[in-house]
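Student: got a predicted structure here, sequence first:
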Amino acid sequence: MRLVFMGTPSAVVPVLEGLVALEDIQVVGVFTPPDRPRGRGRTPEMPPVKARALDLGLRVYQPDSLRSPQVQSELAELRPDVIVVAAYGKFLPPTILETPPHGCLNIHPSLLPRHRGPSPVVTAIERGDTETGVTLMLLDQGMDTGDIIAQRGYPMSSQETSEELTGVLFALGGELLLESLVAWVNGQLEARPQDQALATVTRKLERSDGLADWDVAAAALERRARAYAPWPGLFTQWEGGVMKLLQVAVSPLPGGGVEAPPGRVVSLPEADIPVGVVTAEGVLALKTIQVEGRRAQSAAEFLRGRPQFIGSQL
(Lines give C-alpha, C1' and ligand atoms only; values in the text may rest on other atoms or scores of the structure.)
Protein backbone atom coordinates (compact mmCIF):
# COMPACT_ATOMS: atom_id res chain seq x y z
CA MET A 1 0.00 0.00 0.00
CA ARG A 2 1.37 3.40 -1.03
CA LEU A 3 0.62 6.10 1.54
CA VAL A 4 1.15 9.85 1.86
CA PHE A 5 1.24 11.34 5.36
CA MET A 6 0.30 14.95 6.17
CA GLY A 7 1.01 16.39 9.62
CA THR A 8 2.86 19.04 11.60
CA PRO A 9 3.34 18.92 15.42
CA SER A 10 5.30 16.59 17.66
CA ALA A 11 2.07 15.01 18.94
CA VAL A 12 1.54 13.25 15.59
CA VAL A 13 5.12 12.03 15.09
CA PRO A 14 4.25 8.66 16.71
CA VAL A 15 1.49 8.23 14.10
CA LEU A 16 4.05 8.58 11.31
CA GLU A 17 6.46 6.22 13.08
CA GLY A 18 3.71 3.62 13.45
CA LEU A 19 2.91 3.75 9.74
CA VAL A 20 6.57 3.41 8.75
CA ALA A 21 6.88 0.33 10.97
CA LEU A 22 4.10 -1.55 9.15
CA GLU A 23 5.47 -4.09 6.67
CA ASP A 24 2.75 -3.75 4.04
CA ILE A 25 2.83 0.06 3.89
CA GLN A 26 5.21 2.28 1.96
CA VAL A 27 5.19 5.94 3.03
CA VAL A 28 5.99 7.55 -0.33
CA GLY A 29 5.82 11.16 0.82
CA VAL A 30 5.35 13.39 3.86
CA PHE A 31 3.65 16.77 3.55
CA THR A 32 4.20 19.36 6.27
CA PRO A 33 4.17 23.20 6.38
CA PRO A 34 7.26 25.25 5.45
CA ASP A 35 9.94 25.97 8.06
CA ARG A 36 9.07 29.04 10.12
CA PRO A 37 11.37 31.58 11.83
CA ARG A 38 11.40 31.15 15.61
CA GLY A 39 12.90 32.88 18.63
CA ARG A 40 14.67 36.20 18.93
CA GLY A 41 17.13 35.32 16.18
CA ARG A 42 14.25 34.36 13.84
CA THR A 43 16.12 31.20 12.89
CA PRO A 44 14.10 28.92 10.57
CA GLU A 45 12.79 25.90 12.45
CA MET A 46 11.41 22.76 10.86
CA PRO A 47 8.10 21.27 11.90
CA PRO A 48 8.62 18.23 14.14
CA VAL A 49 7.08 15.95 11.50
CA LYS A 50 9.67 17.08 8.95
CA ALA A 51 12.56 16.49 11.35
CA ARG A 52 11.42 12.94 12.09
CA ALA A 53 10.60 12.19 8.45
CA LEU A 54 14.13 13.15 7.41
CA ASP A 55 15.54 10.92 10.16
CA LEU A 56 13.47 8.07 8.73
CA GLY A 57 14.76 8.74 5.21
CA LEU A 58 11.37 9.82 3.86
CA ARG A 59 10.74 12.30 1.08
CA VAL A 60 9.38 15.60 2.45
CA TYR A 61 7.21 18.20 0.70
CA GLN A 62 6.54 21.65 2.20
CA PRO A 63 4.14 23.61 -0.01
CA ASP A 64 2.63 26.88 1.21
CA SER A 65 -0.67 25.75 -0.25
CA LEU A 66 -2.22 22.61 -1.71
CA ARG A 67 -4.17 24.62 -4.27
CA SER A 68 -1.27 24.94 -6.70
CA PRO A 69 -1.69 22.75 -9.82
CA GLN A 70 2.02 21.95 -9.62
CA VAL A 71 1.70 20.71 -6.02
CA GLN A 72 -1.36 18.67 -6.92
CA SER A 73 0.50 17.15 -9.87
CA GLU A 74 3.50 16.25 -7.66
CA LEU A 75 1.21 14.54 -5.20
CA ALA A 76 -0.60 12.63 -7.93
CA GLU A 77 2.76 11.38 -9.26
CA LEU A 78 3.32 9.67 -5.90
CA ARG A 79 0.31 7.44 -6.72
CA PRO A 80 -0.91 7.13 -3.11
CA ASP A 81 -3.54 4.50 -2.37
CA VAL A 82 -4.53 6.52 0.69
CA ILE A 83 -3.60 9.82 2.35
CA VAL A 84 -3.45 10.04 6.15
CA VAL A 85 -3.91 13.50 7.72
CA ALA A 86 -3.10 14.30 11.37
CA ALA A 87 -3.02 17.92 12.57
CA TYR A 88 -1.76 19.20 9.22
CA GLY A 89 -3.49 22.57 9.50
CA LYS A 90 -4.54 23.01 5.85
CA PHE A 91 -7.74 22.25 3.97
CA LEU A 92 -7.42 19.69 1.19
CA PRO A 93 -8.94 20.89 -2.09
CA PRO A 94 -11.26 18.59 -4.10
CA THR A 95 -8.53 17.56 -6.54
CA ILE A 96 -6.42 16.13 -3.70
CA LEU A 97 -9.40 14.58 -1.93
CA GLU A 98 -10.10 12.66 -5.14
CA THR A 99 -6.49 11.59 -5.80
CA PRO A 100 -6.16 8.45 -3.63
CA PRO A 101 -8.58 5.65 -4.54
CA HIS A 102 -9.19 4.87 -0.86
CA GLY A 103 -9.65 8.46 0.21
CA CYS A 104 -8.05 10.85 2.67
CA LEU A 105 -8.30 9.67 6.29
CA ASN A 106 -8.10 12.16 9.12
CA ILE A 107 -7.41 11.65 12.83
CA HIS A 108 -9.54 14.16 14.73
CA PRO A 109 -9.09 14.50 18.53
CA SER A 110 -12.75 14.47 19.56
CA LEU A 111 -15.79 12.23 19.33
CA LEU A 112 -17.33 13.71 16.20
CA PRO A 113 -19.71 15.30 15.52
CA ARG A 114 -18.92 16.96 18.86
CA HIS A 115 -16.19 19.61 18.73
CA ARG A 116 -15.55 19.99 15.03
CA GLY A 117 -13.08 22.66 13.98
CA PRO A 118 -9.66 23.94 15.09
CA SER A 119 -9.79 23.65 18.91
CA PRO A 120 -11.43 20.36 19.95
CA VAL A 121 -9.04 19.57 22.82
CA VAL A 122 -9.10 23.09 24.24
CA THR A 123 -12.89 23.15 24.09
CA ALA A 124 -13.31 19.78 25.78
CA ILE A 125 -11.23 20.94 28.76
CA GLU A 126 -12.68 24.44 28.91
CA ARG A 127 -16.26 23.14 28.96
CA GLY A 128 -15.53 20.54 31.59
CA ASP A 129 -16.34 17.50 29.45
CA THR A 130 -16.09 14.21 31.33
CA GLU A 131 -15.27 12.23 28.18
CA THR A 132 -13.56 12.96 24.91
CA GLY A 133 -11.92 10.66 22.38
CA VAL A 134 -10.64 10.34 18.86
CA THR A 135 -12.27 9.83 15.48
CA LEU A 136 -10.87 8.27 12.32
CA MET A 137 -12.85 9.90 9.53
CA LEU A 138 -13.02 10.21 5.77
CA LEU A 139 -12.27 13.79 4.74
CA ASP A 140 -14.69 15.70 2.54
CA GLN A 141 -14.90 19.39 1.59
CA GLY A 142 -16.52 20.40 4.89
CA MET A 143 -14.84 21.16 8.20
CA ASP A 144 -14.70 17.78 9.96
CA THR A 145 -18.02 16.76 8.41
CA GLY A 146 -16.91 13.54 6.70
CA ASP A 147 -18.12 10.03 7.40
CA ILE A 148 -16.81 8.22 10.48
CA ILE A 149 -14.72 5.07 10.03
CA ALA A 150 -13.92 4.34 13.70
CA GLN A 151 -13.96 6.02 17.12
CA ARG A 152 -12.52 5.44 20.57
CA GLY A 153 -13.51 7.22 23.78
CA TYR A 154 -11.22 8.55 26.51
CA PRO A 155 -12.37 9.43 30.06
CA MET A 156 -11.11 12.78 31.33
CA SER A 157 -9.68 13.24 34.82
CA SER A 158 -10.24 17.01 35.21
CA GLN A 159 -6.46 17.40 35.52
CA GLU A 160 -5.30 17.36 31.88
CA THR A 161 -3.73 20.29 30.09
CA SER A 162 -4.32 20.72 26.36
CA GLU A 163 -0.74 19.80 25.57
CA GLU A 164 -0.95 16.57 27.58
CA LEU A 165 -4.37 15.58 26.29
CA THR A 166 -3.44 16.28 22.67
CA GLY A 167 -0.55 13.85 22.94
CA VAL A 168 -2.72 11.19 24.54
CA LEU A 169 -5.46 11.50 21.93
CA PHE A 170 -3.15 11.36 18.92
CA ALA A 171 -1.42 8.32 20.41
CA LEU A 172 -4.87 6.74 20.73
CA GLY A 173 -5.71 7.87 17.20
CA GLY A 174 -2.52 6.32 15.87
CA GLU A 175 -3.50 2.99 17.41
CA LEU A 176 -6.97 3.26 15.94
CA LEU A 177 -5.53 4.06 12.51
CA LEU A 178 -3.16 1.10 12.53
CA GLU A 179 -5.98 -1.22 13.59
CA SER A 180 -8.33 0.06 10.88
CA LEU A 181 -6.21 1.00 7.86
CA VAL A 182 -5.75 -2.35 6.13
CA ALA A 183 -9.37 -3.34 6.77
CA TRP A 184 -10.54 -0.02 5.31
CA VAL A 185 -8.45 -0.38 2.15
CA ASN A 186 -9.63 -4.00 1.76
CA GLY A 187 -13.26 -2.92 1.96
CA GLN A 188 -13.91 -4.63 5.30
CA LEU A 189 -15.03 -1.43 7.06
CA GLU A 190 -17.89 0.90 6.22
CA ALA A 191 -17.97 4.59 7.06
CA ARG A 192 -21.14 6.02 8.60
CA PRO A 193 -22.47 9.58 8.24
CA GLN A 194 -22.28 11.95 11.17
CA ASP A 195 -25.46 12.98 12.96
CA GLN A 196 -25.66 16.64 11.99
CA ALA A 197 -28.16 17.36 14.75
CA LEU A 198 -25.48 16.61 17.37
CA ALA A 199 -22.74 18.71 15.78
CA THR A 200 -20.87 21.40 17.72
CA VAL A 201 -18.17 23.63 16.23
CA THR A 202 -15.10 25.05 17.96
CA ARG A 203 -13.38 28.33 17.13
CA LYS A 204 -9.78 29.35 16.66
CA LEU A 205 -8.12 30.42 19.90
CA GLU A 206 -6.89 34.03 20.20
CA ARG A 207 -4.29 35.43 22.59
CA SER A 208 -6.93 37.67 24.16
CA ASP A 209 -8.81 34.55 25.32
CA GLY A 210 -6.11 34.04 27.94
CA LEU A 211 -6.81 37.29 29.81
CA ALA A 212 -8.37 36.28 33.13
CA ASP A 213 -11.95 37.49 33.56
CA TRP A 214 -12.57 37.71 37.29
CA ASP A 215 -16.31 38.07 36.73
CA VAL A 216 -16.61 34.34 36.03
CA ALA A 217 -16.33 31.44 38.48
CA ALA A 218 -12.99 30.21 39.83
CA ALA A 219 -13.76 26.72 38.47
CA ALA A 220 -14.13 28.12 34.94
CA LEU A 221 -10.81 29.97 35.21
CA GLU A 222 -9.07 26.84 36.47
CA ARG A 223 -10.33 24.95 33.41
CA ARG A 224 -9.15 27.77 31.15
CA ALA A 225 -5.67 27.65 32.67
CA ARG A 226 -5.40 23.98 31.70
CA ALA A 227 -7.17 24.40 28.37
CA TYR A 228 -4.92 27.28 27.28
CA ALA A 229 -1.64 25.55 28.19
CA PRO A 230 0.80 26.13 26.62
CA TRP A 231 -0.77 28.93 24.52
CA PRO A 232 -2.06 31.55 25.13
CA GLY A 233 -2.01 30.59 28.81
CA LEU A 234 -4.06 32.26 31.53
CA PHE A 235 -2.68 35.68 32.45
CA THR A 236 -3.55 38.98 34.12
CA GLN A 237 -2.13 42.49 34.45
CA TRP A 238 -0.21 43.66 37.53
CA GLU A 239 1.77 46.87 37.96
CA GLY A 240 1.65 47.55 34.23
CA GLY A 241 3.01 44.16 33.16
CA VAL A 242 1.77 40.70 32.29
CA MET A 243 1.56 38.08 35.01
CA LYS A 244 1.17 34.50 33.78
CA LEU A 245 -0.91 32.23 36.01
CA LEU A 246 0.85 28.97 35.19
CA GLN A 247 -0.70 26.70 37.83
CA VAL A 248 -3.91 27.49 39.66
CA ALA A 249 -6.57 25.71 41.69
CA VAL A 250 -10.01 26.37 43.07
CA SER A 251 -9.61 27.33 46.72
CA PRO A 252 -11.81 25.58 49.26
CA LEU A 253 -12.43 29.06 50.68
CA PRO A 254 -15.95 29.96 49.48
CA GLY A 255 -16.37 33.17 47.58
CA GLY A 256 -19.16 34.22 49.89
CA GLY A 257 -16.69 34.20 52.78
CA VAL A 258 -14.53 36.89 51.19
CA GLU A 259 -15.63 40.52 51.50
CA ALA A 260 -13.85 41.73 48.39
CA PRO A 261 -14.74 42.45 44.76
CA PRO A 262 -13.76 40.12 41.90
CA GLY A 263 -10.12 40.62 40.97
CA ARG A 264 -8.94 41.41 44.53
CA VAL A 265 -5.83 39.51 45.67
CA VAL A 266 -6.40 37.95 49.10
CA SER A 267 -4.50 35.84 51.62
CA LEU A 268 -5.32 32.14 51.88
CA PRO A 269 -4.77 29.92 54.92
CA GLU A 270 -2.80 27.22 53.06
CA ALA A 271 0.94 27.50 53.73
CA ASP A 272 1.95 26.26 50.28
CA ILE A 273 -0.68 28.33 48.45
CA PRO A 274 -0.95 31.52 50.52
CA VAL A 275 -2.58 33.76 47.93
CA GLY A 276 -5.60 33.77 45.64
CA VAL A 277 -7.86 36.02 43.61
CA VAL A 278 -11.54 36.61 44.31
CA THR A 279 -13.83 35.69 41.41
CA ALA A 280 -17.55 35.93 40.80
CA GLU A 281 -17.86 32.52 42.47
CA GLY A 282 -15.10 31.28 44.74
CA VAL A 283 -11.41 32.10 44.96
CA LEU A 284 -8.78 31.11 42.42
CA ALA A 285 -5.69 29.95 44.32
CA LEU A 286 -2.37 30.78 42.67
CA LYS A 287 0.26 28.02 42.72
CA THR A 288 2.86 29.06 40.12
CA ILE A 289 3.14 32.45 38.45
CA GLN A 290 5.53 34.29 36.17
CA VAL A 291 5.95 38.04 35.97
CA GLU A 292 6.92 39.38 32.56
CA GLY A 293 10.68 39.19 32.05
CA ARG A 294 11.31 36.96 35.08
CA ARG A 295 11.44 33.24 35.80
CA ALA A 296 8.46 31.21 36.88
CA GLN A 297 8.17 30.78 40.66
CA SER A 298 5.78 29.57 43.29
CA ALA A 299 3.26 32.13 44.46
CA ALA A 300 4.62 31.68 48.00
CA GLU A 301 8.14 32.61 46.84
CA PHE A 302 6.83 35.54 44.83
CA LEU A 303 4.87 36.82 47.81
CA ARG A 304 7.96 36.83 50.07
CA GLY A 305 9.59 39.38 47.81
CA ARG A 306 6.45 41.36 47.02
CA PRO A 307 4.13 41.37 50.02
CA GLN A 308 2.31 44.35 48.52
CA PHE A 309 0.71 41.94 46.05
CA ILE A 310 -1.87 41.11 48.74
CA GLY A 311 -4.71 43.58 48.41
CA SER A 312 -3.98 44.40 44.75
CA GLN A 313 -6.86 44.81 42.36
CA LEU A 314 -6.16 42.87 39.18
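Tutor: Arrived safely, thanks for sending. Bear in mind that the values here come from a model prediction, so they are computed numbers and not experimental data.
Student: distance from the chain centre to the helix or strand encompassing Gly29, please.
Tutor: Assigned by DSSP states H and E, Gly29 belongs to strand 26-31. Mean-position distance between strand 26-31 and its chain equals 24 Å (Cα atoms, centre = their mean, to the nearest Å).
Student: who does it touch, helix- and strand-wise?
Tutor: For strand 26-31, the packing partners by 3 or more Cβ pairs under 8 Å, 6 or more residues apart in numbering; DSSP states H and E come out as strand 2-7, helix 13-21, helix 48-55, strand 60-61. Backbone N, C-alpha and C define where each C-beta goes, glycine included.
Student: go again with 6 Å.
Tutor: Where contact means 3 or more Cβ pairs under 6 Å, 6 or more residues apart in numbering; DSSP states H and E, strand 26-31 is packed against strand 2-7, strand 60-61.
Student: residues near the spatially closest residue to Met46 that is not a sequence neighbour, how many?
Tutor: Nearest non-adjacent residue to Met46, counting by Cβ to Cβ, 6 or more residues apart in numbering: Asp35, 5.0 Å away. By the measure other Cβ atoms under 10 Å, the count of residues near Asp35 is 13.
Student: how far away is Asp35 from Gly89?
Tutor: In this view, Asp35 and Gly89 are 14 Å apart by Cβ to Cβ, to the nearest Å.
Student: okay, Gln196 and Ala183: tell me how far apart.
Tutor: 26 Å.
Student: what about these two, which has more around it?
Tutor: In terms of neighbours (other Cβ under 10 Å), Ala183 is the more surrounded of Gln196 and Ala183; the figures are 12 against 8.
Student: secondary structure class for the more buried one?
Tutor: Secondary structure for Ala183, judged by DSSP: H, G, I helix; E, B strand; the rest coil, is helix.
Student: shouldn't Ser158 be within a strand?
Tutor: No - counting by three-state DSSP, Ser158 is not part of a strand but coil.
Student: looking at it, the residue nearest to Met46 is touching Pro44, isn't it?
Tutor: Yes - Asp35 lies in contact with Pro44 (Cβ atoms under 6 Å); the separation is 4.2 Å.
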